[in-house]
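In: Build me a model from this:
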Amino acid sequence: MRGRAALAAVAAAALAAGAACGGDDGDGGGADGDTSATTTTTAPSGPGATVPGSGARPLAEIELALEPVAEADAPTDLVANPRTGTALVAERAGRVRPLRDGALGEPVLDISDRVVTAVEQGLLGIEVSPDGSTLYVSYSLAPDGDTRVDAYALDGDAVDAGSRRELLAVEQPFPNHNGGDLAFGPDGYLYVGLGDGGSRGDPEGNGQDPHALLGSVLRIDPARAEGGRAYGIPPDNPFADGRDGAPEVWLHGVRNPWRFSFDPATGDLWIADVGQDAVEEIDLLPASEGAGRGANLGWDEMEGAQPYEGGSNPPGAVLPLLELHHDDGSCAVTGGVVYRGDGIPALEGAYLFTDYCDGRLRAVRAADGRVVEERTFDAAADELVAFGTDAAGEVYVLSLDGTIYRVIEA
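Out: Numbers count the residues shown, from 1 in each chain. Modelled structure (predicted):
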């Protein structure tokens, strides 16, 4: 991310802002700009992922609010344990705490002695296996900040701290653009988001190098070790044989996919990729087209749908579904989940997201690879860095200042 003026004041305390920041230098947009007029571009052809259900209403007819439910220490992620229904919250310093009945319990895991929190580093993401037996954590390893993804055995909500198994280790050249998100796909494999490694303009060229793990979303089988790795390579990965790219790489050409998610109803992959100086982007990879298998999202030849520093869109590269422009007050997009809960039927099928600097809750619906509705709501908060869902599919938004909000209908 870049150290925009709007983020500089919180850079030391901001990780995900970090994750979310747009720049490494320069004076970016503030939080008081009007971002209601966003620009859309054509995404890959194919069905959209946000087909609403029978209770859905036009976004223009819905009012949403952010309801505070708990306070944490710089929360960065929230996931549901499918076995117990408990929501687990990651805190940047290295703790994982259960959220029950609006209250945070004592940590079920504390790896703060292993985590560095400088710039955009820290405990960046957590995920629970579909059967609830394993907790996965993605963090910046002290003292150098290299990425580690570890696995821990879960018994209910209790974590066996002595069961730690290092799954993935990736060197990080800079303390920003490290990604950190984890998500299980509908295929049962673990997806790992990694930024381009940081600094400005991808100086190591990772985004356009499919052999690099940085600047990519990876797809691995965490339950099967093979080939000297602690994980397996799914046989249908686009570069599984290692000839044209790293076997782990699912897609590449991302700058910092700080938050990504799968639509639980369709399997479509949504990526909120943090921009450089001018554009934030939302990418939609429909399941019917492979959910991004082998896709190139353009960075660092492209920033959003615009050439970056004389670049041009690589052949076949995917252009974003939606752009947010820094001239309108955005600086660092925060994704993002498709709403599939029961509490707000009117919102069914809408992808919810925000921007770290602007802070207003936003929603978009898509069909046939294009935006058909978008809305910026009055509901807003500061330093919003992540979205998560509980076991019922209700949506929470996390602020790096400590507050955990639930999205409700106003």
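
In: Now do Asn81 against Arg293, distance only.
Out: 29 Å (CB to CB, to the nearest Å). Backbone N, C-alpha and C define where each C-beta goes, glycine included.

In: ok, the two, which is more surrounded?
Out: The neighbour count for Asn81 versus Arg293, taken as other CB atoms under 10 Å, is higher for Asn81 (20 against 14).

In: which residues does that one contact?
Out: Residues near Asn81 by CB atoms under 8 Å, 6 or more residues apart in numbering: 87-88, 128, 132, 154, 157, 391.

In: ok, now with 6 Å
Out: Contacts here follow CB atoms under 6 Å, 6 or more residues apart in numbering; on that basis Asn81 touches 128, 132, 157.

In: Including pLDDT and secondary structure, could those go into a markdown table?
Out: Below are these laid out as a markdown table (pLDDT from 0 to 100; DSSP: H, G, I helix; E, B strand; the rest coil):
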| residue | pLDDT | secondary structure |
| --- | --- | --- |
| Val128 | 98 | strand |
| Gly132 | 97 | coil |
| Asp157 | 97 | coil |
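
In: who wins for neighbours among the residues you listed?
Out: Of all the contacts of Asn81, the most densely surrounded is Val128 (22 neighbours; neighbours counted as other CB under 10 Å).

In: quick one, what contacts that one?
Out: Counting by CB under 6 Å, 6+ apart, Val128 makes contact with 79, 81, 135.

In: Distance of it relative to Ile233?
Out: To Ile233, Val128 is 22 Å away according to CB to CB.

In: hmm, back to that, now the contacts of Val128 as CSV including pLDDT?
Out: CSV is the format used below for these (pLDDT from 0 to 100):
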residue, pLDDT
Val79, 98
Asn81, 98
Leu135, 98
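
In: quick check, nearest of these to Leu269?
Out: Using CB to CB, the shortest approach to Leu269 within those belongs to Val79, at 16.9 Å.

In: Please name the bridge partners of that closest one.
Out: Taking DSSP bridges as the rule, Val79 bridges to Leu88.

In: would you turn the contacts of Val128 into TSV with distance to Glu166?
Out: Shown next, in TSV, are the contacts of Val128 (distance: CB to CB, whole Å):
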residue	distance to Glu166
Val79	20
Asn81	22
Leu135	14
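
In: one step back: which one of the contacts of Asn81 is nearest to Gly201?
Out: For the contacts of Asn81, the closest approach to Gly201 (CB to CB) belongs to Val128, at 36.0 Å.

In: what would the contacts of Asn81 look like in JSON lines with distance to Arg370?
Out: Formatted as JSON lines, these follow (distance: CB to CB, whole Å):
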{"residue": "Val128", "distance to Arg370": "34"}
{"residue": "Gly132", "distance to Arg370": "37"}
{"residue": "Asp157", "distance to Arg370": "42"}
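
In: Among those residues, which one lies nearest to Thr376?
Out: For the contacts of Asn81, the nearest to Thr376 is Val128 (31.9 Å; CB to CB).

In: Not counting residues beside it along the chain, what's closest to that closest one?
Out: Asn81 (5.0 Å; CB to CB, 6 or more residues apart in numbering).

In: any idea how far Gly304 is from Leu322?
Out: Leu322 is 9 Å from Gly304, where distance means CB to CB.

In: If you could redo that for Leu88, that was the one I meant.
Out: Plainly put, Leu88 is 33 Å away from Gly304 if you go by CB to CB.

In: any weak-confidence spans in the chain?
Out: 1-54 (pLDDT under 70).

In: Counting residues, which strand of it comes out longest?
Out: Using DSSP state E to define each element, the chain has its longest strand at strand 158-170.

In: List the neighbouring strands of that strand plus their orientation.
Out: Strand 158-170 is paired, per DSSP bridges, with strand 146-155 (antiparallel).

In: tell me which residues in the strand it pairs with are buried?
Out: 146-152, 154 (16 or more other CB atoms under 10 Å).

In: could those residues go into CSV alongside distance to Ala225?
Out: Compiled in CSV, the buried residues of strand 146-155 are given as follows (distance: CB to CB, whole Å):
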residue, distance to Ala225
Asp146, 21
Thr147, 19
Arg148, 17
Val149, 14
Asp150, 14
Ala151, 11
Tyr152, 16
Leu154, 19
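
In: What is the three-state secondary structure of Asp327?
Out: helix (DSSP: H, G, I helix; E, B strand; the rest coil).

In: number of nearby residues for it?
Out: Asp327, neighbours per other CB under 10 Å, totals 11.

In: and what of Pro307?
Out: Using other CB under 10 Å, Pro307 is surrounded by 13 other residues.

In: What's opposite it in the beta bridge?
Out: Met302.

In: quick one: it and Asp327, what's the gap?
Out: In this view, Pro307 and Asp327 are 17 Å apart by CB to CB.

In: the helices in this structure, which residues?
Out: Ranges of helices in the chain, per DSSP state H, are 5-8, 16-20.

In: my guess is Ser159 contacts Asp150, does it?
Out: Just to correct that, residue 159 is Val rather than Ser. No: with contact defined as CB atoms under 6 Å, Val159 does not count as touching Asp150 (10.9 Å).

In: show me what contacts the spatially most central residue of the chain?
Out: The residue lying closest to the centre of the chain (CA atoms, centre = their mean) is Arg259, at 0.6 Å. In this structure, Arg259 makes contact with 181, 272, 335-336, 386, judged by CB under 6 Å, 6+ apart.

In: just these now: which is nearest Arg243?
Out: Among those, and counting by CB to CB, the member closest to Arg243 is Asp181, at 27.6 Å.

In: hey, what's the closest residue to the closest one other than its chain neighbours bridged with?
Out: Excluding the flanking residues, the one nearest Asp181 by CB to CB, 6+ apart is Gly193, at 4.0 Å. Gly193 has these beta-bridge partners by DSSP bridges: Val217.

In: For Gly193, list the residues it contacts.
Out: Per CB under 6 Å, 6+ apart, neighbours of Gly193: 179, 181, 217, 257, 260.
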